[in-house]
Every structure is written in structure tokens, then in C-alpha cells.
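K.L.:
this one's structure only:
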């Protein structure tokens, strides 16, 4: 269900309108979902601005105009040291966001992406100036808290639940990444079904596509296994490593090399776990790499790994890595999660939740069956090119904006700010 798609056409829908997208979790255009939203809105005629943190190795400029999208970035140090570190990070992000929003000036739509569920605060300020507020719920933060910190439903959990409620209440329109998130917005958030639009993430198949395999990436082994994604406490890289140890020790398989692409606050711990398991010679950690190098690894991989364990967040979340494996035509081994099945279907095989021995067994089974691997890869590509393609999400995104802007005068006409607002500088 995508919600009401009336007005989802791109022909001049956003002409004369300005949109401001707020992001705290990643830089742009590194955040692929946000970048696809930016370019979709741009193509529909919106003047698009983004406020986001600077990247570490890319997206480092304070200001940039890329493909017609104006990006305003601020310095941000990621949280360390527990809750106090997150308070420092989020406080700094909010201050910079408001500072840069003043610089951008009046907008028709303020589009805030979580986590954290704090960007409703600057969005409320802009609502008082006449903007509509679109809440783009990338993560269920209460479930993220439970899955990441293992502290139970303590006072901080109750606080993030309250922030989520306030964000839902403040928003005019909610974007959900899948039907499970949409159900939460309606059931827990009290939102009307017609105000919640499913905008699924999807790879850009024009930019990200298979390239010729490079057997040398297998480091002399017959097979290559690949993991792509964030490496945080909830992402299951430890499950993947223990499964690979079982693949070697219990199933006697040493005919593989594995590459783990990505980074995160558990990266160093995962490298150390690999060393303790005696996997250092067979497992390679690349950190974040350019898209061209990622395409080389995925195009060469025989099997791709999605080891996210079942927890309150992962079971209902769409994993971007699964979609990117599919667009590259790779077969997937996953734990049995609700939304993993929705995304991958028969492009994956599913081990019982959190069962590392079964996960290892499924890897071995696929390594021995090249015809099944090819069949699964083809299924994945067909799904990404069809029902899961970005064009469906584009229609839903534009429908959401049409609903948000209905009966709403543009923020500027002919370069002049709407009456009663601070002029653009």
C-alpha cells in the first residue's frame, strides 16, 4: 500500500516550491536514499536544499551544489562514551541545523529524516513560519534502542518513545520505508492511514550495476563471500564471523575468502573477533570503499551475507544491503526476518533466527550449487527491476509532497518571500 497517489506526476509539481531536507545520521549524497529523494524532487521542479553533517573522507565541503541540489554541511563528532556523548552529538547537530536553516530561509516543506527523533524541533520552528513537515522515518528509534543497548525499557527507552510520539504528532505527513513501519505509524503513532506513505529504499540501477567478475579478488580461493553494510552492535557481523568459523571448523570448508565492506562503531571489535576466531587469513575488512570498488566485489561474490539477528528492530526493517545484493544478481543467506522475506523472496535462503550453524550450512549448500545461485540471482534482479524499483517509490514520494502542499501557497514567487516571512538572503 502506497497511500493516495493522486498528484504523483512529475510535470512541474514543485514549480516555485522549496524543500529543505534535514539529515543527522549520514552525509549527503553518501546517504543513497536521501540522495534519490533529492533528485526525484529536483526533477519534479522543487528547489531542494539539504542540511547534513560533513563526512569523514567524502562530502567534506561545508557547502556544495551537486546536480542542482544545494547541500549545507556542518562539522559533527560522532558520539562516544554512552548517553552523554549522544547528548553532545545531538545538541551540536540541532544547533547547526537551526543555524543553517536560517541561512536557507523560507521553505514550503521541511523533510526530516531520523534517527534521531529530535529533528522535529527545528521542523516545528519552520512550521510556525508556514512550512509543512514531512517526517521520513528511516528507523524505529525505540526498537533501535532496545536492539543496540540491551538495557530494557528503562528511563532512556521511555524518553525515546516520547520523542517518537512528539515527532508523529508534529508531522503533517509520514514517510515509512515499508509496510511494517507504516503499521507502526498508524497503530503506535496514531496517524491517519491516508497521511502515511510507503517510500521504499531501492538501489539506483542506472548507477549501481554488475561489472565483470575479477577472480583475483578471491585471493586464490574458489569462492568469494561478501558482506556489505554498517557494522554496529545490532548488525550481526559477529554472527557472520562465528558462522564462518563454523563453516571452516564444523563443515571443513576452507575453499572461500570473505570480504566485509563497511564501517561503524563495532568495526574494531569485529576485526578483533575475526582475529580471535582465527579467521584473519580468510576474512578481509575493507572499511568504506568507493562505489566502483564495491561493484567489483559484489560482482565477483558467489554468496552474499545478511546476518542481521532477529531483534525488535531488524525483524521489521528493510536492509539496504539485501537490495544491493539483489541488484547485483547475488544469492543471499539471511536469518529468517519478516521484512527480509518481503524484500528478497526467493532470492535468499533463510536460516532459523540467530542460528549460526544453520547459517553456515546454507552458505555451504549454495557454494556447492552454482545453478541455484544463478537462479536466485536472476530472481533478485527481476524483483529490483519490477515491484521493488525506485520508480514506485518516486510516485509515492511525490504523492506525499502533493498531499503536504495541498492548498499551500508557495514560499516564494519570482524570488520574493511569502508575506510575513523573513526575506531570502
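P.N.:
Received the coordinates, thanks. Given the structure is predicted, the values throughout are model-derived calculations rather than measurements.

K.L.:
what about stretch 205-213, distance to the chain center?
P.N.:
20 Å (C-alpha atoms, centre = their mean, to the nearest Å).

K.L.:
Give the residue spans of the stretch 1-150 of the chain that score low on pLDDT.
P.N.:
1-11, 80-83 (pLDDT under 70).

K.L.:
Which parts of it are helices?
P.N.:
Applying DSSP state H, counting those that start in this stretch to the stretch 1-150 of the chain gives helices spanning 32-43, 83-104, 120-128, 141-149.

K.L.:
Need those in CSV (columns: distance to residue 375).
P.N.:
Where you see a C-beta, it was placed from the backbone N, CA and C, and this is true even at glycine. CSV is the format used below for those (distance: least, C-beta to C-beta, whole Å):
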stretch, distance to residue 375
helix 32-43, 27
helix 83-104, 45
helix 120-128, 46
helix 141-149, 33
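
K.L.:
Residue 240 is nearest to which of those?
P.N.:
Nearest to residue 240, of all the helices of the stretch 1-150 of the chain, is helix 141-149, at 16.6 Å by C-beta to C-beta.

K.L.:
what does the closest one rub up against?
P.N.:
With contact meaning C-beta atoms under 8 Å, 6 or more residues apart in numbering, helix 141-149 is reached by 114-117, 151-153, 156-157, 160-161, 163-164, 232-234, 311-314, 316.

K.L.:
hang on, the earlier thing: any chance of the helices of the stretch 1-150 of the chain in a markdown table, plus mean neighbour count and distance to residue 168?
P.N.:
Formatted as a markdown table, the helices of the stretch 1-150 of the chain follow (neighbours: other C-beta atoms under 10 Å; distance: least, C-beta to C-beta, whole Å):
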| stretch | mean neighbour count | distance to residue 168 |
| --- | --- | --- |
| helix 32-43 | 22 | 20 |
| helix 83-104 | 16 | 19 |
| helix 120-128 | 19 | 9 |
| helix 141-149 | 21 | 12 |
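
K.L.:
Which one, of those helices, ends up nearest to residue 209?
P.N.:
Of all these, helix 32-43 comes closest under C-beta to C-beta, at 14.1 Å.

K.L.:
in terms of contact, does residue 363 touch residue 224 like I think?
P.N.:
No - between residue 363 and residue 224 there is no contact under C-beta atoms under 8 Å: 11.7 Å.

K.L.:
the more surrounded of these two?
P.N.:
Ranked by neighbour count (other C-beta atoms under 10 Å), residue 363 and residue 224 place residue 363 first, with 27 against 24.

K.L.:
Quick check: the more buried one vs residue 309, distance?
P.N.:
Plainly put, residue 363 is 16 Å away from residue 309 if you go by C-beta to C-beta, to the nearest Å.

K.L.:
May I see the buried residues of stretch 359-377?
P.N.:
359-364, 366-367, 373, 376-377 (16 or more other C-beta atoms under 10 Å).

K.L.:
Tell me which of the residues you listed fall in helices.
P.N.:
Counted as lying in helices by DSSP state H, out of those, are 359-364, 366-367, 373, 376-377.

K.L.:
a helix runs through residue 183, doesn't it?
P.N.:
Yes - under DSSP: H, G, I helix; E, B strand; the rest coil, residue 183 falls within a helix.

K.L.:
Residue 193 versus that one, what's the distance?
P.N.:
According to C-beta to C-beta, residue 183 stands 10 Å off from residue 193.

K.L.:
Neighbour count: those two, which is higher?
P.N.:
Between residue 183 and residue 193, residue 183 has the larger neighbour count (other C-beta under 10 Å), namely 16 against 12.

K.L.:
Test for you: state the pLDDT assigned to the more buried one.
P.N.:
pLDDT, residue 183: 98.

K.L.:
do you know which of the helices of the stretch 1-150 of the chain lies nearest residue 385?
P.N.:
When the helices of the stretch 1-150 of the chain are compared by C-beta to C-beta, helix 32-43 sits nearest residue 385, at 15.7 Å.

K.L.:
re earlier: residue 254 is nearest to which of the helices of the stretch 1-150 of the chain?
P.N.:
Evaluated with C-beta to C-beta, these place helix 141-149 nearest to residue 254, the distance being 33.1 Å.

K.L.:
tell me the angle the closest one makes with helix 83-104.
P.N.:
With axes from the mean of the first three to the mean of the last three C-alpha atoms, to 10 degrees applied, the angle from helix 141-149 to helix 83-104 works out at 140 degrees.

K.L.:
Around residue 199, how many other residues sit close by?
P.N.:
Residue 199: 29 surrounding residues under other C-beta under 10 Å.

K.L.:
quick one on the thing from earlier: quick check, nearest of the buried residues of stretch 359-377 to residue 72?
P.N.:
After measuring the buried residues of stretch 359-377 against residue 72 - C-beta to C-beta - the closest member comes out as residue 377, at 40.2 Å.

K.L.:
Let me know the pLDDT of that closest one.
P.N.:
pLDDT recorded at residue 377 is 98.

K.L.:
With residue 203 instead?
P.N.:
According to the prediction, residue 203 has pLDDT 88.

K.L.:
nearest residue to it other than its sequence neighbours?
P.N.:
The spatially closest residue to residue 203, leaving aside those adjacent along the chain, is residue 327, at 4.3 Å (C-beta to C-beta, 6 or more residues apart in numbering).

K.L.:
Cheers, nothing more for now.
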